[in-house]
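# Fold the following.
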Amino acid sequence: MSLDVDQIVDRRRLRRKLTFWRVVGVLAVVAAVAVGSYVAVGRTVLASSPHVARVVIGGIIRNDRDRVKMLEEIGRSNARAVIVSIDSPGGTVTGAEQLYDALRQLAAKKPVVAVVEGMAASGGYIAAIGSDHIVSRRNAMVGSIGVIFQFPNVTDLLGKIGVTVEDIKSSPLKAAPNGYQPTSPEARAAINSLVVDSYGWFKGLVSERRKLSDARLAEVSDGRVFTGHQGLALQLVDELGDERTARAWLAREKGVPENLRVRTWKSESMGSEFGWLRGAAGALASALGFDTVAGILSQATQAAFEKAQLDGLLALWQAPAQN
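You can find the predicted model right below:
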């Protein structure tokens, strides 16, 4: 009899748990629909009323179709002008190219001014020159005009532990360099030709957009970063200041009222194809009461995934290694 009572109690507990999680699931779906509807309505209101659009470019720049779509929507919106707030060390060459092209298409429809908040280096500077006017904080970093191709070579390490990686290739330069064998002069020359080609494209953009002489272009395109103050003298930026400076320029040169409201536009993506994983892990840690762990997890996985997804040619500033 006692066993039957225990079984009945256990079944009731299980039934209550199932009911609870079903209710949670339904509420989650309802919340998701409500948030989606709210975002859609908010986006419509944002686009229809006169305002100055703010677009934030931060972190590593890579290909982002959602961001391009957002910039196209801004072009069709009732925004009077666009402020591009930049704090980025760069990213992939193709990602920077995509962003630059999207900004130039937007600039054909709206006045676009870039504000360098902390850094507009390498691919971040490519984004900056996609604007009509560049404002930089005095001690922000700009420049790093150059391209890099990096790959690890573990040949010596594998030799020490007795591991040999063999391959059968259709031609000597197929999948070269691979990091498992010494890089041949032919492979190095092939990769160098890619770097030189993209570097020439980068310098051409800078020369065209900043109206630099050959001597000045050579001076600023050796890969160094400059402060905003230095960049002003080198014609890399137009003014020192912040977003208020950008608003004053828009009012002065483009007739955009300074009292017009600034609204930040955000793309639909979460930042990377791994965004759902970071969100789920962070949410789980937070739900369990580990808010600090959730924050650390989010930051650590963001940095790891950003590094993992960067391959090929990079327009990315890196601080010199300390000996």
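# How is Gln230 assigned, secondary-structure-wise?
helix (DSSP: H, G, I helix; E, B strand; the rest coil).
# same check, this time on Asp87
Applying three-state DSSP: Asp87 is strand.
# Chain neighbours aside, what residue packs nearest to it?
Gly118 (4.0 Å; Cβ to Cβ, 6 or more residues apart in numbering). From N, CA and C alone the C-beta is placed, and that goes for glycine too.
# next one: Ile129
Arg209 (4.1 Å).
# C-terminal to the helix or strand that contains that neighbour, what's the next element?
Arg209 is part of helix 185-210 when elements are defined by DSSP states H and E. As assigned by DSSP H and E, the chain's next helix or strand after helix 185-210 is helix 214-220.
# What is whichever strand or helix holds Gly91 packed up against?
Per DSSP H and E, Gly91 falls inside strand 79-92. Strand 79-92 sits against strand 51-61, helix 93-107, strand 112-121, helix 123-128, helix 243-254, strand 314-316, with contacts defined as 3 or more Cβ pairs under 8 Å, 6 or more residues apart in numbering; DSSP states H and E.
# would a markdown table of the ones you listed with distance to Met141 be doable?
Below are the helices and strands packed on strand 79-92 laid out as a markdown table (distance: least, Cβ to Cβ, whole Å):
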| stretch | distance to Met141 |
| --- | --- |
| strand 51-61 | 14 |
| helix 93-107 | 16 |
| strand 112-121 | 5 |
| helix 123-128 | 9 |
| helix 243-254 | 18 |
| strand 314-316 | 13 |
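# can I get these in JSON lines with mean pLDDT and mean neighbour count?
Formatted as JSON lines, the helices and strands packed on strand 79-92 follow (pLDDT from 0 to 100; neighbours: other Cβ atoms under 10 Å):
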{"stretch": "strand 51-61", "mean pLDDT": "95", "mean neighbour count": "21"}
{"stretch": "helix 93-107", "mean pLDDT": "97", "mean neighbour count": "21"}
{"stretch": "strand 112-121", "mean pLDDT": "96", "mean neighbour count": "26"}
{"stretch": "helix 123-128", "mean pLDDT": "96", "mean neighbour count": "30"}
{"stretch": "helix 243-254", "mean pLDDT": "97", "mean neighbour count": "17"}
{"stretch": "strand 314-316", "mean pLDDT": "67", "mean neighbour count": "26"}
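# wait, which of those is closest to Ser184?
Closest to Ser184 of those is strand 314-316 (Cβ to Cβ; 22.2 Å).
# Residue ranges of each domain in the protein, please.
Domain assignment for the chain by automatic domain parsing gives 1-48, 49-316.
# Can you tell me which of those domains is most buried?
domain 49-316 (a mean of 17; mean count of other Cβ atoms under 10 Å).
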